[in-house]
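Engineer: Next come a sequence and a model predicted from it.
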Amino acid sequence: MIRMPNGLTFAALVVAAACAACSSPTPVLYTIAPIEGPTQAAGPKVIQLRQISLARYLERSQIVLSTENYRLDVMANDWWGEPLGAMMSRVLVEELGQRLPHSVVIAENGAVSAPADATIELNVQRLDEDNTGSLLLHAQADVSFKGRTAPTPRSFRVTVPPPTPGVPGEVAAISIAIGRLADDLASALQAGP
């Protein structure tokens, strides 16, 4: 056993160096910010946003940069601060409430419940950057009104160039894209059945 001048063994020094090399830096956490939009004059009294369905590749802590060229690029140390579906639901409830001030908007999995006059079901199929660097949001939504049996599915395609480069720019673009989705959903809710 090799003894170092201060009493440490060489083996202990090697183990300490290996442990330091294996540790990873603390991840940077991000959240989507609500974006204000135009208010609508009317809407259903109670609106329920059902649990959002995400494409499986988005169900991860790491932020997905792109799915272009048959490749999934994720940011190893840039993470969402909460599960993406729950965060999108929280933000959309706030945005729809702002856009439809005469309505109460609740989340299906929240603590508050009430009989809904309208429901929104949302599938997010894509939420990442294309090969030009623009953020793409592809989603399907069904806005249903109480007493109406025929669903009215809609497709949404939103493209937003990030305002700044890197992950902060992508997250800002995601916030803008979800705000535009809220604008379209609020218009559909205001129009009624």
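Structural biologist: On my side now, so go ahead.

Engineer: Mind checking what secondary structure Leu65 has?
Structural biologist: What DSSP: H, G, I helix; E, B strand; the rest coil gives for Leu65 is strand.

Engineer: residue contacts, it?
Structural biologist: Applying Cβ atoms under 8 Å, 6 or more residues apart in numbering, we find Leu65 in contact with 73-75, 128-129, 167, 170. C-betas here are computed from N, CA, C, even on glycine.

Engineer: just curious, which of these is nearest to Asp142?
Structural biologist: Taking Cβ to Cβ as the measure, Asp142 lies nearest Asp128 of the contacts of Leu65, at 23.3 Å.

Engineer: surely that closest one meets Ser134?
Structural biologist: No: Asp128 is beyond contact range of Ser134, at 10.2 Å (criterion: Cβ atoms under 8 Å).

Engineer: my read is Phe156 is in a strand, agree?
Structural biologist: Yes: Phe156: assigned to a strand according to three-state DSSP.

Engineer: got the contact list for it?
Structural biologist: By Cβ under 8 Å, 6+ apart, Phe156 lies in contact with 137-141, 181, 184.

Engineer: one step back: who has more neighbours, Asp128 and Ser134?
Structural biologist: Using other Cβ atoms under 10 Å as the criterion, Asp128 and Ser134 rank with Asp128 on top: 22 against 14.

Engineer: does the more buried one sit in a helix, a strand or a coil?
Structural biologist: Under three-state DSSP, Asp128 falls in the strand class.

Engineer: list the contacts for it?
Structural biologist: Asp128 neighbours (Cβ under 8 Å, 6+ apart): 58, 64-67, 135-136.

Engineer: Any chance of TSV for the contacts of Leu65, columns distance to Thr31 and pLDDT?
Structural biologist: Shown next, in TSV, are the contacts of Leu65 (distance: Cβ to Cβ, whole Å; pLDDT from 0 to 100):
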residue	distance to Thr31	pLDDT
Asp73	21	90
Val74	17	89
Met75	15	85
Asp128	17	94
Glu129	18	94
Val167	12	94
Glu170	13	96
